[in-house]
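Novice: Quick check, what structure comes out for this input:
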Amino acid sequence: MPITNPALYPGGSLQSPQWQLLRTAVLGRARNRCEFCGLINGTNIRRCGEFVCYAGTPARVLLRNDTRQATTTHPPIVWGEKVRVSLAIAHLNQDARDNRPHNLRALCQACHHSVDAPHRAKKAAKVHAKRQTDQYIGSLFVAEKVGA
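Specialist: Numbers count the residues shown, from 1 in each chain. Modelled structure (predicted):
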């Protein structure tokens with residue numbers, strides 16, 4: 001999730017020594033790899049449509065919305081947008097105040113997005129429903145021109 005209130009994090013900021021210590025501990029536990037797909041922090045990869053393509057032999061292909069890995073004997077795919085893996089610390093329950101070890105995971109961008117997607121969809125549905133309600137209520141109080 002986007003960080004909307006960094007004051008909720010230990011030390012009151014993402015740059016605080018307390019948060020940096022916690023981040024270092026989570027990355028250490030994960031051996032500096034995404035805890036879902038295994039990508040190494042700082043690795044260059046290429047995004048190829050619905051796939052994320054990894055450098056290395058044998059080639060490993062991971063579907064963006066799937067945590068299953070398929071290993072092939074083909075050489076790595078070399079087209080697509082080149083990006084650097086940057087691990088973030090994800091709160092699995094979406095609560096930035098809950099910094100218990102079992103709630104924190106080191107995740108790459110794609111895996112972090114897949115963890116946050118259901119929460120984002122639920123939040124978007126609430127916003128949409130509120131807009132619809134506000135429009136309906138607002139239309140009840142619109143004065144109509146009489147005898148134009």
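Novice: what's around Ala121, how many residues?
Specialist: When neighbours are defined as other CB atoms under 10 Å, Ala121 has 10 of them. (Each C-beta comes from the backbone N, C-alpha and C, glycine too.)
Novice: Against Val127, how distant is it?
Specialist: 11 Å (CB to CB, to the nearest Å).
Novice: and if you look at Leu14?
Specialist: 26 Å.
Novice: okay, those two: which has more neighbours?
Specialist: It is Leu14, of Leu14 and Val127, that has more neighbours when counted by other CB under 10 Å, with 13 against 9.
Novice: how about the more buried one, secondary structure?
Specialist: coil (DSSP: H, G, I helix; E, B strand; the rest coil).
Novice: Over to Gly42?
Specialist: Following three-state DSSP, we place Gly42 in the coil state.
Novice: could you list every residue that touches it?
Specialist: Arg84, Val85, Ser86 (CB atoms under 8 Å, 6 or more residues apart in numbering).
Novice: List buried residues within those.
Specialist: Val85 (16 or more other CB atoms under 10 Å).
Novice: And for Lys82, the neighbour number?
Specialist: Residues within reach of Lys82, counting by other CB under 10 Å, total 12.
Novice: repeat for Pro17
Specialist: Close neighbours of Pro17, defined as other CB under 10 Å, add up to 10.
Novice: can you give me the helices in this structure?
Specialist: For the chain, the helices defined by DSSP state H occupy 17-29, 109-140.
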